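Undergrad: give me coordinates for this.
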Amino acid sequence: MPPRQPTAADMPPKVTCTITVPPPSHPPTHPLLLLHGIGDSHLALHPLAQLLSLPETTTINLRAPTHMPLLPGYHWGDDLTFSADGTIDPDAGFELAVGYVEEVISALVEKCGYEERDVLIMGLGQGGMVALEVARYARELRGVVSFGGGLPSPPTAGATFAATHTTASTKTPPTPATAGKSPTPVLLLKGARGSAVSLEAVARTREAFTHVEVVEWPREGDGMARNREEMLPVMRFFAQRLRSVRGIPKGAVELGR
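TA: Predicted coordinates for the structure are as follows:
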């Protein structure tokens with residue numbers, strides 16, 4: 001059976017989100033999860049979901065699970081840590097956030113008929129780091145786009161990974177060392193100067209994924225794409241990764257992709 005359009009009722013009770021659906025003439029072939037940056041909420045990327053209008057794609061804006069203390073907005077980290085200059089360090093451990101996003105993916109698979117490899121994730125800053133961390137442990141996703149967020153640092157010794165990664169308490173969670181490189185394609189976008197994505201983070205990303213494209217914008221800092229030229233690599237990535245079923249007869253059997 002083809003997948004059906006997901007609704008808010010399909011999401012786990014703890015999840016807050018908005019859902020942007022494709023036109024009625026477009027079957028919901030792919031779910032795209034949008035993960036906002038630190039200090040924002042799911043509403044921050046809602047206009048982007050409407051502007052993208054990707055064919056046959058349902059866009060789900062997820063709100064991070066943890067409210068910022070004494071500040072508006074939410075964050076994805078297990079904790080809040082500060083660097084020497086007083087700024088918030090985005091690389092704060094993501095066990096809770098990975099489990100949170102994985103519950104959404106499980107709902108899409110179990111309730112709506114998708115496969116893991118149908119799911120795309122796009123994240124901004126800390127949301128991009130979470131997107132990559134989720135993809136590293138998934139069997140294979142359709143693709144990940146990260147604006148200004150590289151793969152996080154490895155967990156510290158003795159840290160436990162999210163329980164959703166295991167089906168039994170005796171099963172060891174997968175790691176890059178034992179599972180090899182993830183086949184999920186990755187697009188990482190960053191500023192050429194003043195980027196929060198270090199060379200080490202880029203190297204970790206390349207070591208963890210088989211297919212990684214890094215785009216450096218000729219500007220200061222990261223953030224979202226600001227113009228058509230900066231957005232072009234993203235649209236090209238989506239064009240390569242999105243699988244259209246328009247024109248395919250109902251009941252047709254897929255032999256491979």
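Undergrad: low-confidence bits of the chain, can you list those?
TA: 155-179, 243-257 (pLDDT under 70).
Undergrad: apart from its chain neighbours, what residue comes closest to residue 96?
TA: Taking Cβ to Cβ, 6 or more residues apart in numbering as the measure, residue 96 lies nearest to residue 78, with 5.4 Å between them; neighbours along the chain are not counted. Placement of C-beta: from N, CA and C, glycine included.
Undergrad: ok, now how distant is that neighbour from residue 66?
TA: Per Cβ to Cβ, to the nearest Å, residue 78 is found 8 Å from residue 66.
Undergrad: ok so, going back, make sure the residue nearest to residue 96 is indeed in a helix.
TA: No: assignment of residue 78 by DSSP: H, G, I helix; E, B strand; the rest coil gives coil, placing it outside any helix.
Undergrad: neighbours of the residue nearest to residue 66 when sequence neighbours are not counted, how many?
TA: Residue nearest to residue 66 in three dimensions, not counting chain neighbours: residue 75, with 5.5 Å by Cβ to Cβ, 6+ apart. The number of residues packed around residue 75, counting by other Cβ atoms under 10 Å, is 25.
Undergrad: overlap in contacts of residue 78 and residue 66?
TA: Jointly contacting residue 78 and residue 66 under the rule Cβ atoms under 8 Å, 6 or more residues apart in numbering are residue 96.
Undergrad: would you map the strands across the stretch 101-250 of the chain?
TA: Listed in chain order, the strands found in the stretch 101-250 of the chain under DSSP state E, counting those that start in this stretch are 120-124, 143-147, 186-193, 212-220.
Undergrad: now those strands as JSON lines including mean neighbour count and distance to residue 96?
TA: Rendered in JSON lines, the data for these read as follows (neighbours: other Cβ atoms under 10 Å; distance: least, Cβ to Cβ, whole Å):
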{"stretch": "strand 120-124", "mean neighbour count": "27", "distance to residue 96": "16"}
{"stretch": "strand 143-147", "mean neighbour count": "27", "distance to residue 96": "19"}
{"stretch": "strand 186-193", "mean neighbour count": "21", "distance to residue 96": "22"}
{"stretch": "strand 212-220", "mean neighbour count": "15", "distance to residue 96": "26"}
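Undergrad: which of these sits closest to residue 103?
TA: When the strands of the stretch 101-250 of the chain are ranked by distance to residue 103, counting by Cβ to Cβ, first place goes to strand 120-124 at 13.8 Å.
Undergrad: for residue 202, which of the strands of the stretch 101-250 of the chain is the nearest?
TA: strand 212-220 (6.0 Å).
Undergrad: output the contacting helices and strands for the closest one.
TA: Under the contact definition 3 or more Cβ pairs under 8 Å, 6 or more residues apart in numbering; DSSP states H and E, strand 212-220 sits against strand 186-193, helix 199-208, helix 228-241.
Undergrad: phi and psi next, for the residue nearest to residue 96.
TA: Backbone geometry at residue 78, expressed as degrees, to the nearest 10, gives phi -70, psi -20.
Undergrad: tell me the contacts of it?
TA: Residues counted as contacts of residue 78 (Cβ under 8 Å, 6+ apart) are 92-97.
Undergrad: what's the closest of those residues to residue 60?
TA: Nearest to residue 60 out of these is residue 97 (Cβ to Cβ; 15.1 Å).
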